[in-house]
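*Asks:* one predicted model, sequence on top.
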2 protein chains.
Amino acid sequence: MNTSYKELLNKAIEANHTRGYWAAYPEFPKVYGEEADPKGKEAFAKMLNNNFTELGVDSNEWIGEEVSPFLQIGTGIRYPKLSIDTLISQSKNAQTNWATSDIETRAQILIDSLERIKLRFFDIAYATMHSTGQAYMMSFQASGPHASDRALEVIAMGYEALSSIPAKASWVKPMGKFDLTLTKSFKGIPKGIGLVIGCSTFPIWNTVPGLFADLITGNVTIVKPHPKAVLPIAIVVAEIRNALAAAGYDKNIVQLAVDTTESPITKQLAEHDEVKLIDFTGGNAFGDYIEGIAHKVTFTEKAGVNCAIVDSAVDFKTVAGNLAFSACLYSGQMCTAPQNIYIPETGIETATGKISFDEAAQQIAQAINDLVNNPKMGSHILGAIQSDVTLNRLKEAPSWGGKLLLASQPIKNDEFENARCFSPAVIELTSADHEIYQKECFGPIIYIIKTKSTEDSIKITEDLSRQKGAITCLAYCTSEATMQTIENRMNAVFTPVSFNFQGAAFVNSHAAFSDFHVTGGNASGNASFTNAEYINKRFVWVGNRYMS
Amino acid sequence: MNTSYKELLNKAIEANHTRGYWAAYPEFPKVYGEEADPKGKEAFAKMLNNNFTELGVDSNEWIGEEVSPFLQIGTGIRYPKLSIDTLISQSKNAQTNWATSDIETRAQILIDSLERIKLRFFDIAYATMHSTGQAYMMSFQASGPHASDRALEVIAMGYEALSSIPAKASWVKPMGKFDLTLTKSFKGIPKGIGLVIGCSTFPIWNTVPGLFADLITGNVTIVKPHPKAVLPIAIVVAEIRNALAAAGYDKNIVQLAVDTTESPITKQLAEHDEVKLIDFTGGNAFGDYIEGIAHKVTFTEKAGVNCAIVDSAVDFKTVAGNLAFSACLYSGQMCTAPQNIYIPETGIETATGKISFDEAAQQIAQAINDLVNNPKMGSHILGAIQSDVTLNRLKEAPSWGGKLLLASQPIKNDEFENARCFSPAVIELTSADHEIYQKECFGPIIYIIKTKSTEDSIKITEDLSRQKGAITCLAYCTSEATMQTIENRMNAVFTPVSFNFQGAAFVNSHAAFSDFHVTGGNASGNASFTNAEYINKRFVWVGNRYMS
């Protein structure tokens, strides 16, 4: 491995260890240059209505059904269809080649792939926009640098884990009159074929941690994207294959397995004997099924109900603004977005006096209304609705009960006149309406729930985390003692708390090298980006002993 | 934590990292003194036919059914019987007390418990002899210093894991015109109640890794020993409770749950909602059941079929002697003992010429016969047969097929005239007899199997590891190329290989701070003493964020 890779890895490992200041890429905004964006747009335009040939894979059948939420038309991009047998046998053929490579080589190739992916960030941004409905800026950040940060984090942690035990050691046991000396060797043996199942809203950010974790630990990998969000990850897979080929390795160490909504192949792949590791992001029903397949090691990110506990604040205006932004960002289609906002019926203490429940609820609804109707913000924050299911849910939500504080409305997008862009519905409930607010309503539906007290808010949030899981919890509170109570009780149900976020701090963001994304301890998922377990479960330490 | 504990921990962590020379306790044999052994014997004698009151637990009902394999009489020691409800509610009551203690305190208390256990090594040795049938020396070593080494290893690794992420960090994100600064805290939250299920042959060595791993990571723990081997671990549990009480902690952080063969309670405990972690050592059927219980994190050591591949040797006499010792030690009642010895029909190359299959098989049988009939060795190596099931298997084995090379015979024990001591049965088979040798025959049954070639021996061993699992594989080979083949193919099925062991090196021994015991990758068990996963699966990292 050359020095610069080594330095980068060490820097990454160090950053991970201190979990503090992380700014390994301050040059990011500078390096892309003025021409990067139009070039990306042009590259994306060329892909439309064409076969995606970058994988270097041929097929008799080409499939694809992506629809742009901004254009409301199919992109016409088609991908090679491969049979399960072909996918598995190609993975098996590539296995020894990859499993016997050393960790230095693997790290080098994977970092090279990140360098190649970096050159495609703008192609990827447009691919992400027109499959997920994320607005331009989020598409660039989440699928580009933020996802690559997560990938680099996993490479660094894999490198650290596999370097933690020496390849060879001399072992001496004093036996009294003589010493017994043995030579020992230790190898991290990969588990087998890894399957990484993507989702429709974050096709790269949620896929690369599992993908790079499989690869850095020596497992050949099959990526099965959501049929409605293939292109972004197809570009990533193509670039990893290019990096592999450039280093003289078998491209099929990573493969893309595309299917259609009509003829899904995920279960066949997941249940295949040769598949040992499964990473999954998506809904609870399928996630539970994945976790239940015998003899597989699974890493899931499912869904939970994220809550915000509002107890007290210095300035409620900043609270309302922060909640509005977090709830509107990508129309609540983030697994970290808050859904339920609990406010006590007794109101909220602030530096300038008490605010009643009604006033607080009204201020939040108003902040949302202001944000979505601000022409410089609205559509750029909301993006577009990815799936019909989410759109239908949004339309139906008011009929489930409660008081509609703010109705969902279509929001104009200046660039795309057909964009499926809608503001959130804000609905007032009381703590008795648990049948409504205990369900996860993925998308732009916000419940403001009148509770008896902050203790009531905590109890509901705690119970909900225990039963349904939660990825985030937001809390506004000026009392140290109450903060401690919230923290202890939510942490005990394995849910992290973000306190008093305002300004540029949003509960939605989980930064690589610092935040654990999903704890893995509650029903929202059994894995965490990125703890030691996320790496160590993918390989087996085997020690051999030699008489000298 | 005072300095000496800290030094000890650092030393342990360092030793673990370098996995090299480990001799933290060269003073062990010196410190016990001349009076330690008779005192231990006396302490054990006093326990016979009495209630075991050291736990400080009262009960209306006292139970116990241990029988000494050396004396062939019941020990009459009885233990307090507690209901499942009592055990669980006492664990739950102790939970917050332990979960909120810091890692420094937990490490200090657990090391204090090891200091207390050290003073009981000879009591424990006699308790182990008269429950498991291990001979005196193994009883002392395996249940005493070797088990405490494993416990210390787990304490050190838990301390390292929980110290790997800082409790608090400042995180700064440059936003262009300003910096976004957040304070973050990270906590390792224990999963809940741990259940550790012991076995009848190694009641301490196989129990303390899971027990100390649960405790160091903040989980309250219930130890459920095998009803026929309670006393050794009861002493250990009592001393941990003493260390907890001395530090002002709730004794019920660790509890002993004793049951009887007639009325077992293991399933009720294992399936209890509050039990989140299960450690198990024992047979495959029950182990598979444990692994299959939904929503539990399990750590199992089950059984596999351990093989020895004999290809070539410098001096076959040393090979035969080493195999004989490994097979006879504790009458093959070690999970690491070899069962199947493969020798090619073409014979074995040695420095002094070729040895035919028949000659090699005969030399192994002869070495076993010499060993068991040596009055200074025989009964001291063999120990006694722990269970009726093992004894019956030994008696039946010759009727299953093959050619009996050496019949099992009773071996005289000078100290205990009723000792259930028998030499191994050595049976010759061919590779076609797979229905016989593919079964695990726990106890002193040795198969010497005539194969077509070394390649045939490797293939059989590899397939057997894949299907039934294996904890060890022994190989004798003078060709570097063949050694490499054996190593690669066995490692690929997650089985470690020990090469050319002779003299004081035995495949049976797995040393703490150096050898992984069970890889966790094949059917012989899903956990490994002690890899990072063994620790990390017991707690959840939760990160909180605070706006400064």
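*Replies:* That came in fine, so what should we check first?
*Asks:* mind listing the helices for the stretch 351-500 of chain A?
*Replies:* A:357-373, A:378-382, A:388-396, A:434-437, A:454-468, A:480-492 (DSSP state H, counting those that start in this stretch).
*Asks:* middle-most residue in chain A, spatially?
*Replies:* residue A:206 (3.3 Å; Cα atoms, centre = their mean).
*Asks:* mind putting the helices of the stretch 351-500 of chain A into JSON lines with mean neighbour count, distance to chain B and mean pLDDT?
*Replies:* C-beta: built from backbone N, CA, C; applies to glycine. JSON lines is the format used below for those (neighbours: other Cβ atoms under 10 Å in any protein chain shown; distance: least, Cβ to the nearest Cβ, whole Å; pLDDT from 0 to 100):
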{"stretch": "helix A:357-373", "mean neighbour count": "19", "distance to chain B": "18", "mean pLDDT": "97"}
{"stretch": "helix A:378-382", "mean neighbour count": "21", "distance to chain B": "17", "mean pLDDT": "92"}
{"stretch": "helix A:388-396", "mean neighbour count": "16", "distance to chain B": "28", "mean pLDDT": "95"}
{"stretch": "helix A:434-437", "mean neighbour count": "17", "distance to chain B": "22", "mean pLDDT": "96"}
{"stretch": "helix A:454-468", "mean neighbour count": "20", "distance to chain B": "11", "mean pLDDT": "97"}
{"stretch": "helix A:480-492", "mean neighbour count": "17", "distance to chain B": "5", "mean pLDDT": "97"}
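*Asks:* skip ahead from the top helix by length along chain A and say which helix or strand is next.
*Replies:* If you go by DSSP state H, chain A has its longest helix at helix A:145-163. Sequence order places strand A:168-174 as the next helix or strand after helix A:145-163, per DSSP states H and E.
*Asks:* so which bits of the helix or strand just after that following strand are buried?
*Replies:* For strand A:168-174, the succeeding helix or strand toward the C-terminus, using DSSP H and E, is strand A:179-190. Buried residues in strand A:179-190, counting neighbours by 16 or more other Cβ atoms under 10 Å in any protein chain shown, are found at A:180, A:182, A:184, A:185, A:186, A:187, A:188, A:189, A:190.
*Asks:* show me which of those residues neighbour chain B.
*Replies:* A:180, A:182, A:184, A:186, A:187, A:189 (Cβ under 8 Å from any Cβ of the partner chain).
*Asks:* of these, closest to chain B?
*Replies:* Distances from chain B to these, taken as Cβ to the nearest Cβ, are shortest for residue A:180 (4.6 Å).
*Asks:* quickly note the distance from residue A:212 to residue A:509.
*Replies:* 20 Å (Cβ to Cβ, to the nearest Å).
*Asks:* those two: who's more crowded?
*Replies:* residue A:212 (30 against 22; other Cβ atoms under 10 Å in any protein chain shown).
*Asks:* ok, now which ones touch that one?
*Replies:* Residues near residue A:212 by Cβ atoms under 8 Å, 6 or more residues apart in numbering or on different chains: A:110, A:151, A:154, A:155, A:158.
*Asks:* re the thing from before, quick one: which of the helices of the stretch 351-500 of chain A is nearest residue A:235?
*Replies:* Among the helices of the stretch 351-500 of chain A, helix A:378-382 comes nearest to residue A:235, with 23.6 Å by Cβ to Cβ.
*Asks:* output the below-cut-off pLDDT ranges for chain A.
*Replies:* Within chain A, the stretches with pLDDT under 70 are A:1-31.
*Asks:* tell me the domain boundaries of it?
*Replies:* Following automatic domain parsing, one gets these domains for chain A: A:29-165+A:191-302+A:527-539, A:307-499.
*Asks:* which stretches in the stretch 151-300 of chain A count as helices?
*Replies:* A:208-216, A:231-246, A:266-271, A:284-292.
*Asks:* hey, C-alpha coordinates of the longest one in CSV?
*Replies:* Included here for helix A:231-246 are C-alpha records, laid out as CSV according to Å, rounded to 0.1, in the frame of the first residue of the first chain:
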residue,chain,number,x,y,z
LEU,A,231,-29.0,3.9,-11.1
PRO,A,232,-27.2,5.6,-8.2
ILE,A,233,-25.9,2.3,-6.8
ALA,A,234,-25.3,0.9,-10.3
ILE,A,235,-22.7,3.7,-10.8
VAL,A,236,-21.1,2.9,-7.5
VAL,A,237,-20.9,-0.9,-8.2
ALA,A,238,-19.5,-0.1,-11.7
GLU,A,239,-16.7,2.0,-10.2
ILE,A,240,-15.9,-0.7,-7.6
ARG,A,241,-15.7,-3.2,-10.4
ASN,A,242,-13.4,-0.8,-12.3
ALA,A,243,-11.1,-0.5,-9.3
LEU,A,244,-11.0,-4.3,-8.9
ALA,A,245,-10.2,-4.8,-12.5
ALA,A,246,-7.5,-2.2,-12.4
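*Asks:* what residues does that helix touch?
*Replies:* A:47, A:52, A:54-56, A:66, A:75, A:77, A:79, A:109-110, A:112-113, A:116-117, A:120, A:123-124, A:127-128, A:130-132, A:143, A:198, A:203-204, A:207-208, A:211, A:215, A:223, A:225, A:250-251, A:253-256, A:258.
*Asks:* ok, back up a step: so of the helices of the stretch 151-300 of chain A, which one's packed in deepest?
*Replies:* Greatest average neighbour count among these goes to helix A:208-216 (a mean of 29), per mean count of other Cβ atoms under 10 Å in any protein chain shown.
*Asks:* for residue A:478, which non-adjacent residue is closest in space?
*Replies:* residue A:312 (4.5 Å; Cβ to Cβ, 6 or more residues apart in numbering or on different chains).
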